[in-house]
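A.B. asks: here is my input, please return the structure:
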Amino acid sequence: MNITKPYGNTLDLIGNTPLVRLAGPSEAAGCDIFGKCEFANPGASVKDRAALGIIRDAEARGELKPGGCVVEGTAGNTGIGIALVANALGYKTIIVMPDNQSKEKMDTLRALGAELVTVPPTKYSDCNHFVHTSRRLAQETEGAVWANQFDNTANRKVHLEGTAAELWEQLEGRVDGFTCAAGTGGTIAGVGLGLKERDDKVTIALTDPHGAALYNYYATGELKAEGSSVAEGIGQGRVTGNLEGAPIDTQFRISDEQGLEWVARLLREEGLCLGLSSGINVAGAIELGKQLGKDARVATILCDTGFRYLSTLYNAEWLRAKELPVFDWLADA
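C.D. replies: Numbers count the residues shown, from 1 in each chain. Here you go, the predicted model:
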């Protein structure tokens, strides 16, 4: 067992997450599939990294001053990370969120002391989109900064300098492939750039849910969305600032049903309770592993905890309403 010395402060708990070999996915791929356990962050998701990086960058640039406020538009997890980091550093938080996200995320944000503003989900081109609403609120609020996680490259920088370096060290410099979905694009771009700096032969793959446009963009050059997904926090219809220059070598499109299969199997077979984005990432990692061959080592991101989706993914009534398969242990619920 690796036992570390005590951390100097609570913000040091963000990052340096464990990496675990996933038995079922490895067997399915015919190679080694590893999951980065981002649910081990204090806010229980990968977005804690972006939250800390963005806030520290705003401080360094002199935009965020003592007693200030951080405003952001988010599907939930980045807001949770921002609220925790802001609490630790003495800032206030205002979070704008689409009203179709899980109740658990909304309840968590309120419990953390964030001011929560919910808006109807709409296209990015609509001025009432949650991102544009958060930008306006930041402009209207004295002492506030807008986190702007989608286009603020302080987001991908923390993955380039942190997550990629951790993966390289944890896998002892033997990384053949990395894949994950894109929401802001910060994780895949940052990790991709960081791994490519160390070995340009590492294959970086986008794993896109249905309903997102990036699969077609990287396959054909056309931003074109097809289908739909209930996954929260992933799926993108534009090339964000964080995605510009991302070293994407190949791409996969994964259905909710494929993702849910791995959510179910990882829970029942390996004791990991995860969200749908993690299941989609794992399904993409299996596809990448099949392409790379039996000696390959492929890493992906286990984005957040399934406990954040008890009213949705782990609710039989909700799954049936979405015409999605119900986990067998919930079938009688």
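
A.B. asks: how about the contacts made by residue 227?
C.D. replies: 210, 211, 255 (Cβ atoms under 8 Å, 6 or more residues apart in numbering). Glycine gets a C-beta too; all of them are placed from N, C-alpha and C.

A.B. asks: ok, now with 6 Å
C.D. replies: Shown in contact with residue 227 (Cβ atoms under 6 Å, 6 or more residues apart in numbering): 210, 211.

A.B. asks: what does residue 255 give?
C.D. replies: Going by Cβ under 6 Å, 6+ apart, residue 255 touches residue 210.

A.B. asks: could you redo the last one with a cut-off of 8 Å?
C.D. replies: So residue 255 contacts 209, 210, 227, 229 (Cβ under 8 Å, 6+ apart).

A.B. asks: most neighbours among those residues, which one?
C.D. replies: Tallying neighbours with other Cβ atoms under 10 Å puts residue 209 at the head of the contacts of residue 255, with 29 neighbours.

A.B. asks: so in terms of bridging, what pairs with that one?
C.D. replies: When bridges are called by DSSP bridges, residue 209 pairs up with residue 254.

A.B. asks: how near is it to residue 283?
C.D. replies: Residue 209 sits 10 Å away from residue 283, going by Cβ to Cβ, to the nearest Å.

A.B. asks: can you check which residues contact both of these two?
C.D. replies: 254, 259.

A.B. asks: the longest helix in this structure is where?
C.D. replies: Looking across the chain with DSSP state H, the single longest helix is helix 276-292.

A.B. asks: now that helix, how far from the centre of its chain.
C.D. replies: For helix 276-292, the separation from the chain centroid amounts to 15 Å (computed by Cα atoms, centre = their mean, to the nearest Å).

A.B. asks: what residues sit buried inside it?
C.D. replies: Using 16 or more other Cβ atoms under 10 Å as the burial criterion, the residues of helix 276-292 that qualify are 276-289, 291-292.

A.B. asks: just checking, what packs against the very next helix or strand once past it?
C.D. replies: Next helix or strand after helix 276-292 toward the C-terminus (DSSP states H and E): strand 297-302. Other elements packing on strand 297-302 under the criterion 3 or more Cβ pairs under 8 Å, 6 or more residues apart in numbering; DSSP states H and E are strand 32-37, strand 177-180, helix 276-292.

A.B. asks: okay if I get the ones you listed as a markdown table plus mean pLDDT and distance to residue 144?
C.D. replies: Compiled in a markdown table, the helices and strands packed on strand 297-302 are given as follows (pLDDT from 0 to 100; distance: least, Cβ to Cβ, whole Å):
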| stretch | mean pLDDT | distance to residue 144 |
| --- | --- | --- |
| strand 32-37 | 98 | 32 |
| strand 177-180 | 98 | 31 |
| helix 276-292 | 98 | 29 |
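
A.B. asks: among those, which comes closest to residue 137?
C.D. replies: helix 276-292 (26.1 Å; Cβ to Cβ).

A.B. asks: count of neighbours near residue 90?
C.D. replies: The local packing of residue 90 (other Cβ under 10 Å) involves 9 other residues.

A.B. asks: and the residue nearest to residue 65 when sequence neighbours are not counted, what is it in contact with?
C.D. replies: Nearest non-adjacent residue to residue 65, counting by Cβ to Cβ, 6 or more residues apart in numbering: residue 143, 6.7 Å away. Contacts for residue 143 were tallied using Cβ under 8 Å, 6+ apart; they are 65, 67, 68, 69.

A.B. asks: is there a quick PyMOL command that grabs whichever of those are buried?
C.D. replies: Selection of buried members from these for PyMOL, criterion 16+ other Cβ under 10 Å:
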select buried, resi 68+69
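
A.B. asks: what's the closest of the contacts of residue 143 to residue 59?
C.D. replies: Checking the contacts of residue 143 against residue 59 with Cβ to Cβ, the nearest one is residue 65 at 8.3 Å.

A.B. asks: picking up where we left off before, nearest to residue 162 among the contacts of residue 143?
C.D. replies: Nearest to residue 162 among the contacts of residue 143, with distances taken as Cβ to Cβ, is residue 68, at 24.3 Å.

A.B. asks: list phi and psi for the closest one.
C.D. replies: The phi/psi pair for residue 68 (degrees, to the nearest 10) reads phi -80, psi -170.

A.B. asks: list the contacts of it.
C.D. replies: Contacts here follow Cβ under 8 Å, 6+ apart; on that basis residue 68 touches 91, 92, 143, 144, 145.

A.B. asks: is the last one part of a helix or strand, or is it coil?
C.D. replies: In three-state terms, and counting by DSSP: H, G, I helix; E, B strand; the rest coil, residue 145 is strand.
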